[in-house]
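J.: Got a predicted structure here, sequence first:
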Amino acid sequence: MTGHHHETGGGQQDPPPHSEDRSAAASHSGHSHKAEAPSPRSELPATQQRHAVDHAAMGHGPAAPADHGSTDHGEAHVDPLRGAQRDHSGHEALFRRRFWVSLALSIPVLVYSPMLQRWLGFAAPVFPLSEWVAPVFSIGVFAYGGLPFLRMAVPEVRTRQPGMMMLISLAISVAFVYSLAALFLPSGETFFWELATLIDIMLLGHWLEMRSVRQASGALNELAKLMPDRAERLRDDGSVETVPVSELTTGDRLLVRPGASIPADGLIEDGDSDVNEAMITGESRPVSKKAGAKVIAGTVNGDGSLRVRVTATGEQTALAGIMRLVRQAQQSKSRTQLLADRAAGWLFYIALGVAAVTGVAWTIAVGFNVEVIARVATVLVIACPHALGLAVPLVVAITTSIGARNGLLVRDRMALERAREIDTMIFDKTGTLTRGEFGVVRAATVPDWDEARALALAAAVEGDSEHTLARAIRRTAEERGLALPNVSAFEAIKGRGARATKDGQAVYVGGPRLLEMLGRFLPPELAAMEKQASAAGQTVVHLVAGERVVASFALADVIRPESKRAVDRLHELGVQVAMLTGDSRAVAEAVARELGIDIVLAEVLPEDKDRQVAELQRQGKRVAMVGDGVNDAPALTRADVGIAIGSGTDVAVESAGIILVRSDPMDAVNIIELSRASYRKMIQNLVWATGYNVVALPLAAGVLAPIGIVLSPALGAVFMSVSTIIVALNAQLLRRLRFRSATS
């Protein structure tokens, strides 16, 4: 009885298709890699390159130059399968350790500082050579806590791109050399306690900064942890062997037990279960899987046992691809970042100029002494562009991580930045605003029948048919949880519909030509519904029970329940919504009316979609295009922001700057909200970092000295570190961003 053909009435609509530090990592304290697990590990994002440092400078191998005068934390040793990234907590621990050791070494320096003894009114114990306590311990602080800063500055010198490390190095070097020289000068006042406290505070600031950076990149680390170390591979005889995941190859058969992580991408050959894909797709509910379904490496099996045929391993898995996207987005530079980089470069020369003027002015005013050195060192320290250097990269890292957790994958960082400026968003209708599959969208019955009873009977009559409309009726009945009555004597009526028997009575389902064949006429209430459905381009089928037409059903591409919420939210954000479709204008207008869409572009051929995008751009609109990434590729490329929706974990969609894992229009809205929130944080951080330097540099130079207000180098270091921490904390506030779902 399969394959019967419905002749339909009303406006004709073609059924839509079914939418378907280099190798030193191991030596860092706090590092631990799973022994054989080939889980993807990304390189570190650009945020973690702010220090102009290869932490080889900390005794972890030779230094090497890097971009913008910084050695690249991202140049980690990478295993070809694992993409192994050293845990950035190793750098955090390294700074923490150096801070505490240097602080301990600084205590004798402070106790034996003549200046502090005078200020605080105490006398340190005197013993032979006690006058050398402060110099010797200061040298220890400089060598252990300060010398690495000098090494970090070497790449900046090599690349002729001076930055924060050169400023720090100049400050501590001036203080150190002057203090050593003063030991041998008559009436020379040393600078050892200021030097020690300055280095301590710089180390503390770096420690706290690295902690923020590590937290910002938490999403990558969490993704990397999803991969198991070992897998259970099925032999040809059905027995099971446990092997390292690195040994898996395409075509292997795996046993995935309940609660286990899936070790490779594959297809289920046997078994059914609910799989938790939340960390990959952002889908909070477990996804039902059965034979023939795809599974993703790193997701967690539910209560069922699965047998899976491997289709991809290592770098070819969806998880590895997602991590590459996240890494690329975090390392790419936006226009705002380039501006911040230039400003940080300018700041070095400004600080150097201010320090020179300060030194000359104070020497003229009070003569060359320890106070002049203090002013110069304070200017150099307080001008360190840590806050400016972190202002944008930390926001980028957090933004990209938030996106990845919520199924918003950024291929092109500039696309995300441009998304905040979008004023028109075009949705492809089929499969985006709609499900891409037929369903019952409205129904009418005669007075003595109800819709549920009529739909259940129609679904029972269509039970064996594979026709598109038959599947739509059955699917709708199933979604509503209807119990189907027992029918018998199925028969296909070619070109008209289907017939069956219930309780000895003939029951028919079909369109207008079926009614003509049976000589039946629509009662007024059903005729009115058919007229409305036809005007909307919907397909109408009727249910005939005995001698009467008892119900009529309008079928069309079902609108996603979340689409209306997405359109309303875009309007709240000041964005116009356009719909692009190859369907008839009647069908398109009906969908547009229901959703409140502003611009309808109907009867558009696939090859003409990019022309429609270009036409809107010629009108001065900034356009985002949301499509499937394949059929809509030219339009996605043409748009200011191309968004591929419903691509699942296919990260190879070259035409789109942003990939949405789910087929949820609300995610396209979330992209705009994420872009705007990210930009706000960048601007806030840049304003703070710039404003801080405008105020702090004159204070450091001593403009308020006539009224008794001067900053010591240590206090300058405190201000610099606090400004950096404020920027980092402000960026962390992005984590409070909560995306709206279709039901919120």
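T.: Yep, it's here.
J.: number of nearby residues for residue 668?
T.: For residue 668, the neighbour count with other C-beta atoms under 10 Å is 26. Using the backbone N, CA and C atoms, a C-beta is placed for each residue, glycine as well.
J.: Next, the nearest residue to it once chain neighbours are set aside: secondary structure please.
T.: Leaving aside its chain neighbours, residue 668 sits nearest to residue 626 (4.9 Å; criterion: C-beta to C-beta, 6 or more residues apart in numbering). The assignment at residue 626 comes out as strand when based on DSSP: H, G, I helix; E, B strand; the rest coil.
J.: got the phi/psi numbers for residue 551?
T.: Here is the backbone geometry of residue 551 (degrees, to the nearest 10): phi -160, psi 150.
J.: quick thing: my sequence starts at 41, can you match it?
T.: Noted, 41 is the first residue going forward, which turns the last one into residue 591.
J.: The residue nearest to it when sequence neighbours are not counted: neighbour count?
T.: Excluding the flanking residues, the one nearest residue 591 by C-beta to C-beta, 6+ apart is residue 494, at 3.6 Å. Using other C-beta under 10 Å, the number of residues around residue 494 comes to 20.
J.: can I get the CA coordinates of the helix or strand hosting residue 494 in CSV?
T.: Assigned by DSSP states H and E, residue 494 belongs to helix 491-501. Provided in CSV are the C-alpha atoms of helix 491-501 (Å, rounded to 0.1, in the frame of the first residue of the first chain):
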residue,chain,number,x,y,z
GLU,A,491,-9.6,17.3,16.0
ALA,A,492,-7.7,14.6,18.0
ARG,A,493,-10.1,11.9,17.0
ALA,A,494,-10.0,12.9,13.3
LEU,A,495,-6.2,13.2,13.2
ALA,A,496,-5.7,9.8,14.9
LEU,A,497,-8.1,8.1,12.4
ALA,A,498,-6.4,9.9,9.4
ALA,A,499,-2.9,8.7,10.7
ALA,A,500,-4.2,5.2,11.0
VAL,A,501,-5.5,5.2,7.4
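J.: Next secondary structure after that helix?
T.: As assigned by DSSP H and E, the chain's next helix or strand after helix 491-501 is helix 508-519.
J.: which sections of the stretch 241-390 of the chain are below the confidence cut-off?
T.: For the stretch 241-390 of the chain, residues meeting the criterion pLDDT under 70 lie at 245, 248-249, 252-265, 318-325, 365-381, 383-384.
J.: where do the helices sit along it?
T.: Along the stretch 241-390 of the chain, the stretches classed as helices by DSSP state H, counting those that start in this stretch are 258-265, 318-321, 358-371, 375-406.
J.: in the stretch 591-740 of the chain, which spans are strands?
T.: Per DSSP state E, counting those that start in this stretch, the stretch 591-740 of the chain carries strands over the ranges 616-620, 639-641, 663-667, 681-685, 698-700.
J.: how much space between the nearest residue to residue 202 once chain neighbours are set aside and residue 420?
T.: The shortest distance from residue 202 to any residue other than its chain neighbours is 4.4 Å, reached at residue 388 (C-beta to C-beta, 6+ apart). Applying C-beta to C-beta, to the nearest Å, the value for residue 388 to residue 420 is 10 Å.
J.: And residue 357, by the same measure?
T.: Where residue 420 is concerned, residue 357 sits at a distance of 49 Å (C-beta to C-beta).
J.: What of residue 507?
T.: 79 Å.
J.: again, but for residue 193
T.: Using C-beta to C-beta, residue 193 is found at 12 Å from residue 420.
J.: Have a look at the two and say which one is more surrounded.
T.: Using other C-beta under 10 Å as the criterion, residue 193 and residue 420 rank with residue 420 on top: 28 against 25.
J.: ok, for that one, nearest residue in space, not its chain neighbours?
T.: Leaving aside its sequence neighbours, residue 420 sits nearest to residue 211 (C-beta to C-beta, 6+ apart; 3.9 Å).
J.: In three-state terms, label the one you found for me.
T.: Residue 211 - assigned by three-state DSSP - is helix.
J.: mind listing what it touches?
T.: 238, 416-418, 420-421, 753 (C-beta atoms under 8 Å, 6 or more residues apart in numbering).
J.: For the residues you listed, please prepare CSV with the additional fields distance to residue 599.
T.: Shown next, in CSV, are the contacts of residue 211 (distance: C-beta to C-beta, whole Å):
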residue, distance to residue 599
238, 65
416, 69
417, 67
418, 65
420, 63
421, 61
753, 66
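J.: Quick one, which of those residues are buried?
T.: 238, 416-418, 420-421, 753 (16 or more other C-beta atoms under 10 Å).
J.: Residue 625 is in contact with residue 632, isn't it?
T.: No - using C-beta atoms under 8 Å, residue 625 is not in contact with residue 632; the gap is 9.8 Å.
J.: Pull up the overlap in contacts between those two.
T.: Here residue 625 and residue 632 share the contacting residues residue 640, scored by C-beta under 8 Å, 6+ apart.
J.: Which of the two has more residues huddled nearby?
T.: Remark: of residue 625 and residue 632, residue 632 carries more neighbours, 22 against 15, as counted by other C-beta under 10 Å.
J.: Surely that one and residue 641 touch.
T.: No - when contacts are counted by C-beta under 8 Å, residue 632 is not listed as touching residue 641 (10.1 Å).
J.: shared neighbours, the two?
T.: The contact sets of residue 632 and residue 641 overlap at residue 619 (C-beta under 8 Å, 6+ apart).
J.: can you pull the pLDDT of the residue lying closest to residue 514 once chain neighbours are set aside?
T.: Of all residues not flanking residue 514 in the chain, residue 499 sits nearest, at 4.8 Å (C-beta to C-beta, 6+ apart). pLDDT, residue 499: 91.
J.: how near is residue 499 to residue 569?
T.: Residue 499 is 19 Å from residue 569, by C-beta to C-beta.
J.: more crowded one of these two?
T.: Taking neighbours as other C-beta under 10 Å, residue 499 and residue 569 compare with residue 499 leading, 24 against 21.
J.: The more buried one and residue 522 touch, don't they?
T.: Yes - under the criterion of C-beta under 8 Å, residue 499 makes contact with residue 522 at 7.0 Å.
J.: what's around the residue lying closest to residue 599 once chain neighbours are set aside, how many residues?
T.: Among residues not flanking residue 599 along the chain, residue 474 sits closest, at 5.3 Å (C-beta to C-beta, 6+ apart). Residue 474 has 25 neighbours, counted by other C-beta under 10 Å.
J.: what's the answer for residue 779, then?
T.: Counted with other C-beta under 10 Å, residues neighbouring residue 779 total 19.
J.: Tell me which residues touch it, please.
T.: 446, 706-707, 710, 713-714.
J.: and stretch 590-599, how far from the chain's centre?
T.: With C-alpha atoms, centre = their mean, to the nearest Å as the basis, stretch 590-599 stands 39 Å off its chain's centre.
J.: And for stretch 650-658?
T.: Stretch 650-658 sits 29 Å away from the centroid of its parent chain (C-alpha atoms, centre = their mean).
J.: pull the CA atoms of it into PDB?
T.: The C-alpha coordinates for stretch 650-658 follow below in PDB (Å, rounded to 0.1, in the frame of the first residue of the first chain):
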ATOM      1  CA  ASP A 650      23.400  36.400  -3.400                       C
ATOM      2  CA  ARG A 651      21.900  39.100  -5.700                       C
ATOM      3  CA  GLN A 652      19.200  39.700  -3.100                       C
ATOM      4  CA  VAL A 653      21.800  40.100  -0.400                       C
ATOM      5  CA  ALA A 654      23.700  42.500  -2.600                       C
ATOM      6  CA  GLU A 655      20.600  44.500  -3.300                       C
ATOM      7  CA  LEU A 656      19.900  45.100   0.400                       C
ATOM      8  CA  GLN A 657      23.600  46.100   0.800                       C
ATOM      9  CA  ARG A 658      23.200  48.600  -2.000                       C
END
